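Peer 1: can you look at this prediction? I've put the sequence above it.
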Amino acid sequence: MPKTSVLRAVPTSLEAPVAALRQVTENDDDQILSLSLRPKRFGDFVGQSQVVENLRVAIQATKRRGEPLEHALFAGPPGLGKTSIAHIVAQEMGAKITATSGPAIGRAGDLIGILTNLEVGDILFIDEIHRLSKVVEEFLYPAMENSEIDFVIDKGPYAKTIKFHLKRFTLIGATTRSGLLSNPLRSRFGMVYHLEFYKPDELVSILERSAKILGIALEPDAAQTIAERSRGTPRVANRLLRRVRDYAQVKSNGKISKPIAQAALLAQGVDDYGLDGMDRKVLTMIIEFYGGGPVGIDALAAAMNEERDTIVDVVEPYLLSAGFLKRTARGRKATRLAYQHVANLKSQDLELFASTT
C-alpha cells in the first residue's frame, strides 16, 4: 500500500510540510473547523474570479464532450485556496478525488499503487507537487500523456519492463514554489493558474460567511478590521476570526465589535499591516543587522536561526506583495515602507516604556 493519506470524495486538508512551519499552528479542533468553512461549490467560493471562470468553462466543455478534465496546476502562496479549488473541481465534475502530497510519495511503487486504483475521470490531487523526487516525477510523464507507466524490475540481464495501462485520470497539482517545478512536468499541465492575494473586500465576504457558519456575531467594521490584517489570505482570516471569537467570549459578551477585534489582534501580536512577530523580526534583522540589505536568503536565515523555507514560503511572499521587501540580484532589500514601519514600532515601544516607568 502506498505510504500516503488517500481520501476519496471527501474534502480534506493535506497541507504541505511547509505549512507546518507557520508560527501559529492549528490544533485538531481548528483543523476540523477549517474543513467546515471550506466552500463546496464555485458559487460559495470568493475571489480568484478569473481562475474560477476559466475552470467553469473548462468543466462545462469537458462534461459536454464526455471526457476527463485536462491536468491542472495551481500555484501561489499557502492559504489562498488551492486545495479548496481542487475539491470543488472534483465536486463539479462529479468525480472521485484522491489527495496526497509530494513528500508522501517516497517511492515509485507508492505512485503506481495510487495510479492503478484510479478510475476513468478520477482526480489525483498532489499538494506541494514540486517536492516530488525526480525518480517519481519521471513516472508521471507517461502517465499524464499516455495513461501508462513502464516499471522496470530487477537489474542487469534479469531486468524486465512491466507496462501498466492506466485509466484516463486528471492530475491536479498545487505548489507554493512554482519555480522549483521542472519544465518537463510543468509543460504537461494543460491548465496553469497562479492564485493571487485577496483584496480586503473579498476577505470581508469570506469572514461574514465563516461567521455565519460558526454562529459568531460579527459587526461589519470588525470584519473590515480583521480582513485588513489577514495578509490577503483566507486561511489567515479564518484563523484570526477564531482567535478574536475566543477573545470576545472571554473578555466581552461574545459579540465582535471593532474595538474587541483590535484588542484581540493586538493580543495575538498582529499589527495594523497584518504583520506578526516573525515578519517584524525579518524586517528588523535586514534593517539593523544588514543595513537594509541587500542580503542573501541563506545568510538571513542563518542570522535569524530560522529555516530557509520558513522565510521563503511563509514570510516573504506577503512582505514582497505589501511592499516591505524587494528582490534584487544580490538579495533581499528593505523598502522605505519597511523603514517607516520599524521606526514606528520602536516609537511605540518607547512610549509604552515611558508610560510604565
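Peer 2: Nice, thanks for sending it over.
Peer 1: list the helices and strands the helix or strand where Leu203 lies packs on?
Peer 2: Leu203 belongs to helix 200-214 when elements are defined using DSSP states H and E. Other elements packing on helix 200-214 under the criterion 3 or more Cβ pairs under 8 Å, 6 or more residues apart in numbering; DSSP states H and E are helix 28-37, helix 220-228, helix 234-251. Heads up, the C-betas are built off the backbone N, CA and C, glycines and all.
Peer 1: can I get those in TSV with mean pLDDT?
Peer 2: What follows is the helices and strands packed on helix 200-214, written out as TSV (pLDDT from 0 to 100):
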stretch	mean pLDDT
helix 28-37	61
helix 220-228	93
helix 234-251	91
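Peer 1: which of the ones you listed sits closest to Ala174?
Peer 2: If you check each of those against Ala174 by Cβ to Cβ, helix 234-251 wins as the nearest, at 13.4 Å.
Peer 1: buried ones in the closest one?
Peer 2: 234-245, 247-248 (16 or more other Cβ atoms under 10 Å).
Peer 1: so which of the residues you listed would you say is closest to Ala334?
Peer 2: Out of these, the member with the shortest distance to Ala334 (by Cβ to Cβ) is Val236, at 22.6 Å.
Peer 1: surely that closest one is in contact with Pro77?
Peer 2: No - when contacts are counted by Cβ atoms under 8 Å, Val236 is not listed as touching Pro77 (10.4 Å).
Peer 1: which residues sit against stretch 58-69?
Peer 2: Stretch 58-69 has contacts (Cβ atoms under 8 Å, 6 or more residues apart in numbering) with Glu70, Val89, Glu92, Met93, Ala95, Val120, Gly121, Ile123, Arg168, Phe169, Thr170, Met191.
Peer 1: buried residues, it. List them.
Peer 2: Neighbour-count burial for stretch 58-69 [16+ other Cβ under 10 Å]: Ala58, Ile59, Thr62, Pro68, Leu69.
Peer 1: check stretch 82-96 too.
Peer 2: Buried-residue list, stretch 82-96, by 16+ other Cβ under 10 Å: 82-93, 95-96.
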